[in-house]
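Student: quick one, what's the 3D model for this:
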Amino acid sequence: MPVLTANLARSRTTDETVTPLFIDPNEERYRETARELIRLFQEHLEEPKGDLEAAIDELTVADTDYKIVQGLAKLLTDECEFEMVAPAEPREIRRRLFEKANERYPIVRQPTLGEDTQKLEVYSAVADGLGISLEDCYRGMYADLEDNKRLVRIGTRTAEQYAGENGASTSTTALTGSSAGDYEHTDLTVDWLLTRYNLALAQAVLYDATEMRIRVWDHFGTVFSYVKLFGLMHRFYPIDAEGERIASTDLAAGYEAVLDGPASLFSQSRKYGIRMANFLPALPLCERWEMNAKILVDETTGETRRFTLDHTEGLGSHYSAGERFDSDVERTLAQKWERANTEWELVREDDVFDLGAEVMIPDFAIEHPDGRRAIFEIVGFWTPEYLDSKLAKIREVKAENFVLAVSERLDCAGEEFGQAAGRVLWFKTGIHVYDVVELAETFAADTCEAGCL
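Tutor: This next block holds a predicted model:
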């Protein structure tokens, strides 16, 4: 996933807050810079990475906004693929050259024509031995160095595809993270790049978050599925239209989630901070959302600052609002379901179980054309602490049409699921569709029972 490194992040810190220094995507100077960068990348397809970086540096010298230019270039670079291009293994070319040169040692005594002739003979002998051209031998000797790797792809486009479009100025890119299916194909345009840059600035601030609180008033299932996708520890609460917590989901206008950050759980683990940053693009998928995070500014004293964002910032998202899966188990089950011969349908829904002070978002609903419906949760691979919390939530669910599939690899027993103990399907490595159908046939209800909206 495209990210900004710490030296390219731009933010302002005061006594109370941390604020990313967003740019205006409509400002012409930024649009011109973005256009020029995209053009540079397209012109350097099949060229060495070092040549591309030199061209970017030249553009940076001509532009006073060093961090902005380099930041935009970093996001574009993250969308590119660089490969070693050589007709033979560079290490093998080097080995033969050094051996051949050693036989003729010393090749260079004084700068004479003879020296050049000897050098040419060495290269020619090695090239002939490998069955490659003299130029390929010379260029291939260090083709495995990072600066010499060739730009072979921008997003999903190769040089041949660009040529086939007569120099078209846009390309498409597949933004990838946990899996290719989690992101939409996005046009690599000026608008995409500038919008993505602002989002990356906000993500960079979250690397040092100790806690994130979010409130959303729509697309609950989509947002909370990304919470689980990135492995974030979470607690959900129903809220009213003003964002205040309420006692029951019956009157809920939205939901609040508290996401624990790296300092509170993993001693300031950057890996967990990156997960929180990676989650952020899920929020702009909502029409109305708010985020409030605590950012650690001094690890020694534990001093923090506040970082707030909401839908009025105009941030865009490169994430898909479509169907996604929190684990390979879920993805495999959905794929099996598509091939199965059953009237029951496996669907993603915004079901919410009211657990009093908290709520629980199940994984799926299983629906029959006659109106019967079961709510389906998969309990897969969790940390022991999180499993305890998960089991506590499951025991609070009152709905009789709530069924579960539980991995046998977990250290738990049927009785730990409370009144849902008789509605558990145990599985080893994968879940069988018809076992789930049988469970749904037994426990599905015409409508959701108490506690499920």
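Student: least confident secondary structure element in this structure?
Tutor: Using mean pLDDT, DSSP states H and E, strand 172-174 stands out as the lowest-scoring helix or strand of the chain, at a mean of 29.
Student: helices of the stretch 301-450 of the chain, start to end?
Tutor: 328-339, 384-396, 433-443 (DSSP state H, counting those that start in this stretch).
Student: need those in TSV (columns: distance to Ile68, mean neighbour count and mean pLDDT).
Tutor: The C-beta positions use only the backbone N, C-alpha and C, and glycine is treated the same way. Shown next, in TSV, are the helices of the stretch 301-450 of the chain (distance: least, CB to CB, whole Å; neighbours: other CB atoms under 10 Å; pLDDT from 0 to 100):
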stretch	distance to Ile68	mean neighbour count	mean pLDDT
helix 328-339	38	15	87
helix 384-396	40	15	75
helix 433-443	51	17	93
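Student: could I get the ones you listed as a markdown table with distance to Ile246?
Tutor: Listed next are the helices of the stretch 301-450 of the chain as a markdown table, based on distance: least, CB to CB, whole Å:
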| stretch | distance to Ile246 |
| --- | --- |
| helix 328-339 | 30 |
| helix 384-396 | 17 |
| helix 433-443 | 29 |
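Student: out of those, which comes closest to Ala365?
Tutor: Nearest to Ala365 among the helices of the stretch 301-450 of the chain is helix 433-443; the distance by CB to CB comes to 9.7 Å.
Student: helices or strands next to whichever strand or helix holds Asn292 in the packing?
Tutor: Element membership of Asn292 [criterion: DSSP states H and E] is strand 289-298. Strand 289-298 is packed against strand 209-216, strand 303-310, with contacts defined by 3 or more CB pairs under 8 Å, 6 or more residues apart in numbering; DSSP states H and E.
Student: show me what the first one is packed against.
Tutor: Contact partners of strand 209-216 among helices and strands, from 3+ CB pairs under 8 Å, 6+ apart: strand 254-260, helix 262-265, helix 270-279, strand 289-298.
Student: give me the domain ranges for the protein.
Tutor: 90-142, 198-313, 328-443 (automatic domain parsing).
Student: Phe41: which of those domains is closest?
Tutor: Of all the domains of the chain, domain 198-313 comes closest under CB to CB, at 17.1 Å.
Student: report the secondary structure state of Arg12.
Tutor: strand (DSSP: H, G, I helix; E, B strand; the rest coil).
Student: could you give the number of residues near it?
Tutor: By the criterion of other CB atoms under 10 Å, Arg12 has 9 neighbours.
Student: over to the one 4 residues further on?
Tutor: Here the number of neighbours of Glu16 (other CB under 10 Å) works out to 7.
Student: same check, this time on Val85
Tutor: Val85 has 16 nearby residues by other CB under 10 Å.
Student: next up, the contacts around it.
Tutor: Shown in contact with Val85 (CB atoms under 8 Å, 6 or more residues apart in numbering): Glu46, Ala143, Lys149, Arg150, Val152.
Student: ok, now with 7 Å
Tutor: Ala143, Arg150 (CB atoms under 7 Å, 6 or more residues apart in numbering).
Student: sec struct for it, please.
Tutor: Taking three-state DSSP as the rule, one finds Val85 in the coil state.
Student: where does pLDDT dip in the stretch 151-300 of the chain?
Tutor: In the predicted model of the stretch 151-300 of the chain, residues 156-187, 261-272 satisfy pLDDT under 70.
Student: so where's the stretch 1-150 of the chain shaky on pLDDT?
Tutor: 1-2, 63-64, 104-117.
Student: residue ranges for the helices of the stretch 101-250 of the chain, please.
Tutor: 113-130, 134-140, 159-164, 190-205, 220-229.
Student: dump those helices to JSON lines, plus distance to Leu410 and mean neighbour count.
Tutor: Below are those laid out as JSON lines (distance: least, CB to CB, whole Å; neighbours: other CB atoms under 10 Å):
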{"stretch": "helix 113-130", "distance to Leu410": "56", "mean neighbour count": "15"}
{"stretch": "helix 134-140", "distance to Leu410": "53", "mean neighbour count": "17"}
{"stretch": "helix 159-164", "distance to Leu410": "47", "mean neighbour count": "13"}
{"stretch": "helix 190-205", "distance to Leu410": "33", "mean neighbour count": "22"}
{"stretch": "helix 220-229", "distance to Leu410": "16", "mean neighbour count": "21"}
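Student: quick one: closest of those helices to Ala241.
Tutor: Nearest to Ala241, of all those, is helix 220-229, at 14.5 Å by CB to CB.
Student: would you mind getting the angle between the closest one and strand 209-216?
Tutor: 160 degrees (axes from the mean of the first three to the mean of the last three CA atoms, to 10 degrees).
Student: CA atoms only for helix 220-229 - export them in CSV, please.
Tutor: Provided in CSV are the C-alpha atoms of helix 220-229 (Å, rounded to 0.1, in the frame of the first residue of the first chain):
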residue,chain,number,x,y,z
PHE,A,220,-21.6,0.3,9.5
GLY,A,221,-20.9,-3.2,8.1
THR,A,222,-18.4,-1.9,5.6
VAL,A,223,-16.4,0.1,8.2
PHE,A,224,-16.5,-2.5,10.9
SER,A,225,-15.4,-5.2,8.4
TYR,A,226,-12.3,-3.1,7.8
VAL,A,227,-11.7,-2.9,11.5
LYS,A,228,-11.6,-6.7,11.6
LEU,A,229,-9.7,-7.0,8.4
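Student: what about dumping the CA coordinates of the strand holding Asn292 to PDB?
Tutor: Written as PDB, here are the backbone C-alpha positions of strand 289-298 (Å, rounded to 0.1, in the frame of the first residue of the first chain):
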ATOM      1  CA  TRP A 289     -18.000  10.100  10.000                       C
ATOM      2  CA  GLU A 290     -15.700  11.500  12.800                       C
ATOM      3  CA  MET A 291     -12.400  10.400  14.100                       C
ATOM      4  CA  ASN A 292     -10.600  11.400  17.200                       C
ATOM      5  CA  ALA A 293      -7.100  10.000  18.000                       C
ATOM      6  CA  LYS A 294      -4.500  10.400  20.700                       C
ATOM      7  CA  ILE A 295      -1.000  10.800  19.100                       C
ATOM      8  CA  LEU A 296       2.100  10.100  21.200                       C
ATOM      9  CA  VAL A 297       4.600  13.000  20.800                       C
ATOM     10  CA  ASP A 298       7.000  12.000  23.600                       C
END
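Student: within the sheet, what are the partner strands of that strand, with directions?
Tutor: strand 209-216 (antiparallel), strand 303-310 (antiparallel) (DSSP bridges).
Student: and those strands, which is most packed in?
Tutor: strand 209-216 (a mean of 22; mean count of other CB atoms under 10 Å).
Student: format the helices of the stretch 101-250 of the chain as TSV; extra columns: distance to Gly50.
Tutor: Compiled in TSV, the helices of the stretch 101-250 of the chain are given as follows (distance: least, CB to CB, whole Å):
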stretch	distance to Gly50
helix 113-130	22
helix 134-140	13
helix 159-164	18
helix 190-205	22
helix 220-229	37
